[in-house]
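A.B. asks: below are the sequence and a predicted model for it; my questions follow.
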Amino acid sequence: GAVVSQHPSWVICKSGTSVKIECRSLDFQATTMFWYRQFPKQSLMLMATSNEGSKATYEQGVEKDKFLINHASLTLSTLTVTSAHPEDSSFYICSASNRGQGADQPQHFGDGTRLSIL
Amino acid sequence: AQSVTQPDIHITVSEGASLELRCNYSYGATPYLFWYVQSPGQGLQLLLKYFSGDTLVQGIKGFEAEFKRSQSSFNLRKPSVHWSDAAEYFCVLQGAQKLVFGQGTRLTINP
């Protein structure tokens, strides 16, 4: 079945550091991927839609200069948290669907990245 | 407007007991609906999906869900829960451009 891999699963770094998170579709091509943020005991909040070969579409209130998204290939999207601060600490999750098998394919989620900024 | 409501934030059931998690949606067309499960510190795993056809949908791990258009509901059920079912459950609607998530229901299993 469709698998989405996310890396790293956990990262701890100092304030001011930039952190890159990768999201890969392992056995299908994904023209669109999605990035979510999840606070403890809350639901997922969509941050942005990552479009292969074009600019990402950000949700209202999400700083595009803070959360850089690059979707350079059909199997890889990256989220870079620039100059991270403690308030950026969160659980970040990506998803993608295998639209090559039809528009009714469900989203498959990565295992998430726990980001802790000291 | 597109929305998903899971009325129960937290449910506790005994192991072996039956389970029903409620989900109500609001959508202007025939919805695509999903149930996902999330274990602590993990991503989301698809349990089942409804696109069209049979309104009773079977999923993995013994779960099923019934789509009821008249009630705008898509409740998740399992006849006998196992301790490993303890997790967070999300009812999700496929909107026009993106997924719409319910608030989630945390399931605790008593031994």
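C.D. replies: All right, it came through fine.
A.B. asks: for B:Ser52, which non-adjacent residue is closest in space?
C.D. replies: Leaving aside its sequence neighbours, B:Ser52 sits nearest to B:Thr30 (C-beta to C-beta, 6 or more residues apart in numbering or on different chains; 6.8 Å). Any C-beta I mention is one placed from the backbone N, CA and C, and that applies to glycine too.
A.B. asks: what values do phi and psi take at that neighbour?
C.D. replies: The phi and psi values for B:Thr30, taken as degrees, to the nearest 10, are phi -70, psi 120.
A.B. asks: what distance do you get for it to B:Leu46?
C.D. replies: Applying C-beta to C-beta, to the nearest Å, the value for B:Thr30 to B:Leu46 is 19 Å.
A.B. asks: next: A:Ala30.
C.D. replies: According to C-beta to C-beta, A:Ala30 stands 16 Å off from B:Leu46.
A.B. asks: next one: B:Leu56
C.D. replies: From B:Leu56 across to B:Leu46, the span is 17 Å (C-beta to C-beta).
A.B. asks: partners of whichever strand or helix holds B:Val37, with directions?
C.D. replies: Here B:Val37, judged by DSSP states H and E, is contained in strand B:32-38. Using DSSP bridges, strand B:32-38 pairs in its sheet with strand B:44-50 (antiparallel), strand B:87-94 (antiparallel).
A.B. asks: turn those into a markdown table, columns for mean neighbour count, distance to A:Phe39 and mean pLDDT.
C.D. replies: Formatted as a markdown table, the strands paired with strand B:32-38 follow (neighbours: other C-beta atoms under 10 Å in any protein chain shown; distance: least, C-beta to C-beta, whole Å; pLDDT from 0 to 100):
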| stretch | mean neighbour count | distance to A:Phe39 | mean pLDDT |
| --- | --- | --- | --- |
| strand B:44-50 | 20 | 15 | 95 |
| strand B:87-94 | 23 | 13 | 96 |
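A.B. asks: looking at those strands, which is closest to A:Asp88?
C.D. replies: strand B:44-50 (21.4 Å; C-beta to C-beta).
A.B. asks: ok, residues contacting the closest one?
C.D. replies: When contacts are defined by C-beta atoms under 8 Å, 6 or more residues apart in numbering or on different chains, strand B:44-50 is touched by residues A:44, A:93, A:95, A:106, A:108-109, B:31-38, B:57-61, B:63-65, B:67, B:74, B:76, B:89-90.
A.B. asks: now, of the residues you listed, which are buried?
C.D. replies: Neighbour-count burial within the contacts of strand B:44-50 applies to A:44, A:93, A:95, A:106, A:108-109, B:31-38, B:57, B:59, B:63-65, B:67, B:74, B:76, B:89-90; the criterion is 16 or more other C-beta atoms under 10 Å in any protein chain shown.
A.B. asks: quick one: name the residues of chain B near chain A.
C.D. replies: Within chain B, the positions lying close to chain A (C-beta under 8 Å from any C-beta of the partner chain) are B:32, B:34, B:36, B:41-46, B:49, B:51, B:90, B:97-99, B:101-104, B:106.
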